[in-house]
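> Model the structure of this input:
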Amino acid sequence: MKGVHLLLGLLWLVSLLMFFTKPAFGRNALVGCCVLSLWYLPVGTVLSVAELCLLFLPFVRNHR
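Prediction:
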């Protein structure tokens, strides 16, 4: 199980880096990470839902 958390953490970091360098593609990567983190109860679910709500705000969605 440690390997899954390590892999998911690395995926989050890579997605965040892509979001800062190429926001259009990085946003999609972050949405994918949020969906993958929904299984991790309760912390991952709450934080993923909050981040999904923030990612779908018009300012972030139209940011290029």
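> center of the chain, which residue is that?
By Cα atoms, centre = their mean, the chain has its centre lying nearest to Leu30, at 3.0 Å.
> List the contacts of that residue.
Taking Cβ atoms under 8 Å, 6 or more residues apart in numbering, we find Leu30 in contact with 15-16, 19, 51, 55. All C-beta atoms are positioned from the backbone trio N, CA, C, and that covers glycine.
> Can you list the buried residues in the strand or helix carrying it?
Secondary structure assignment for Leu30, by DSSP states H and E: helix 23-37. By neighbour count on 16 or more other Cβ atoms under 10 Å, the buried set for helix 23-37 is 23, 26-27, 29-31, 33-34, 36-37.
> Show me where this structure has its helices.
Secondary structure of the chain by DSSP state H: the helices cover 2-21, 23-37, 43-55, 58-61.
> returning to what we had before: show me which of the buried residues of helix 23-37 is closest to Leu47.
Proximity of the buried residues of helix 23-37 to Leu47 (Cβ to Cβ) peaks at Ser37, which lies at 7.2 Å.
> surely that closest one meets Gly44?
Yes. Counting by Cβ atoms under 8 Å, Gly44 is a contact partner of Ser37 at 4.3 Å.
> Relative to Leu55, how far out is Leu47?
Applying Cβ to Cβ, to the nearest Å, the value for Leu47 to Leu55 is 12 Å.
> Next, the contact list for the residue lying closest to Leu11 once chain neighbours are set aside, please.
Nearest residue to Leu11, sequence neighbours excluded (Cβ to Cβ, 6 or more residues apart in numbering): Cys33, at 5.7 Å. By Cβ under 8 Å, 6+ apart, the residues touching Cys33 are 8, 11-12, 15.
> least confident pick among those?
Among those, Leu8 carries the weakest pLDDT, at 90.
> So that one versus Ser48, what's the distance?
11 Å.
> One more: Leu17?
Taking Cβ to Cβ, one finds Leu17 at 19 Å from Ser48.
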